[in-house]
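**Student:** Provided below are the primary sequence and the corresponding predicted coordinates.
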Amino acid sequence: MPGYGSGEAGEGLVDISRAKTVLICAFLILNVFLFHQLWQEEGGHLPPFLGEGDASRLEEALSEANLVLNDPLPQGRVRMAHLVVEPQHYGPEEIVEILTAGLPEGEGLTEWEAFAAGNTENGGEVFELNGLEIAFEQEGIIKIKKRADPDAEVAAALEETEAAVEKFIEEAVLLERFVFDYKQEGEEELVLHYHQEHEEVPLFAGYLRAKVGQHEWTARFFPLAPLELAEGEREVISPLAALLRFLEGYGEAPTPTAVKEMSLGYYSPEYDAQRWEIPPVWRIRLDNGEVFYINAFTGHLER
């Protein structure tokens with residue numbers, strides 16, 4: 001009987017040992033899977049720089065998307081970190097003080113009157129200041145609207161209105177932080193795009209867009225206050241990797257379209273928050289007006 005009992009104990013020990021081995025193997029497999037998932041999310045699978053065969057791969061992907069790359073991609077390795085920002089909120093009194101700064105006393109923008117509070121789509125306040133309509137929207141977005149001379153010639157009105165809004169943006173202390181980016185032109189309308197900068201790097205998330213019509217213009221802007229760089233600086237993916245990742249989900253342009261620009265900066269959507277971290281991105285701008293932002297760490301498309 002003792003021999004029989006020791007046999008059962010031996011088999012029990014073998015079963016426990018096998019169970020431990022199975023568990024260890026399962027944990028190893030799980031760790032490999034999780035590491036692979038993290039590697040994918042962090043962009044580790046993306047080609048860092050142009051290698052053998054990647055040029056033809058890019059050419060084929062561009063052709064399938066009906067896109068063409070006119071200019072060479074940026075070169076060089078870059079290390080970056082997330083940028084911590086907070087929205088720059090302004091009240092009505094601050095706005096009028098800023099817009100009237102530097103004007104001779106008694107001239108220009110001097111009368112300030114609330115005329116349609118709660119008149120924006122999201123319930124924000126709207127004010128009028130000597131022909132300027134100023135709306136305070138959610139997330140700190142501000143919209144300024146100015147009507148031009150309705151009796152001017154159409155062609156001249158568009159050109160004159162563009163000059164007027166450019167002068168306004170240049171002279172308004174509130175808007176001096178915005179740097180001109182690019183212009184989209186139409187027959188009867190154009191859009192001027194501006195962005196902020198942080199240490200000479202574009203901050204696309206802090207923007208100003210001025211829509212210029214024949215007889216009026218509307219400037220919509222979202223000012224941000226950059227605070228500091230977050231910890232964890234690392235190398236960003238190459239523009240090749242970003243472009244290839246973008247092409248994976250782009251589909252096909254209806255007509256032949258050029259990649260007009262690829263540039264590195266910071267971008268995130270507007271948030272109704274006190275502060276948040278903005279990732280570095282590769283901005284891809286097409287000559288049909290479409291703009292896309294690819295996370296420069298993960299390769300994911302930022303909404």
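**Tutor:** That came through fine. Residues are numbered from 1 along each chain as shown.
**Student:** Just give the number of residues close to residue 86.
**Tutor:** For residue 86, the neighbour count with other C-beta atoms under 10 Å is 15. All C-beta spots, glycine's among them, are computed from the backbone N, C-alpha and C.
**Student:** was I right about it contacting residue 271?
**Tutor:** No. Residue 86 is beyond contact range of residue 271, at 9.9 Å (criterion: C-beta atoms under 8 Å).
**Student:** Tell me which residue lies nearest the centroid of the protein.
**Tutor:** The residue lying closest to the centre of the chain (C-alpha atoms, centre = their mean) is residue 267, at 2.9 Å.
**Student:** That one touches residue 291, doesn't it?
**Tutor:** No. Using C-beta under 8 Å, residue 267 makes no contact with residue 291, being 9.7 Å away.
**Student:** and for the two, which residues touch both?
**Tutor:** residue 283 (C-beta atoms under 8 Å, 6 or more residues apart in numbering).
**Student:** Quick check: bridge partners of residue 210?
**Tutor:** Judged by DSSP bridges, the bridge partners of residue 210 are residue 192, residue 219.
**Student:** how close does it sit to residue 138?
**Tutor:** 20 Å (C-beta to C-beta, to the nearest Å).
**Student:** And for residue 212?
**Tutor:** From residue 212 over to residue 138 the distance is 24 Å, taken as C-beta to C-beta.
**Student:** how close does residue 90 get to residue 125?
**Tutor:** Note on residue 90: its distance to residue 125, by C-beta to C-beta, is 12 Å.
**Student:** again with residue 158
**Tutor:** Distance from residue 158 to residue 125, by C-beta to C-beta: 30 Å.
**Student:** So for the two, which residue has more residues nearby?
**Tutor:** Neighbours were counted for residue 158 and for residue 125 using other C-beta under 10 Å; residue 158 has more, 23 against 16.
**Student:** That one contacts residue 216, doesn't it?
**Tutor:** No. Applying C-beta under 8 Å, one finds residue 158 not in contact with residue 216, separated by 10.7 Å.
**Student:** Looking at residue 212 and residue 138 now, which is surrounded by more residues?
**Tutor:** Using other C-beta under 10 Å, the more surrounded residue of residue 212 and residue 138 is residue 212, with 28 against 12.
**Student:** Which of the helices or strands spans the spatially closest residue to residue 84 that is not a sequence neighbour?
**Tutor:** Of all residues not flanking residue 84 in the chain, residue 227 sits nearest, at 4.5 Å (C-beta to C-beta, 6 or more residues apart in numbering). Following DSSP states H and E, one finds residue 227 within strand 224-229.
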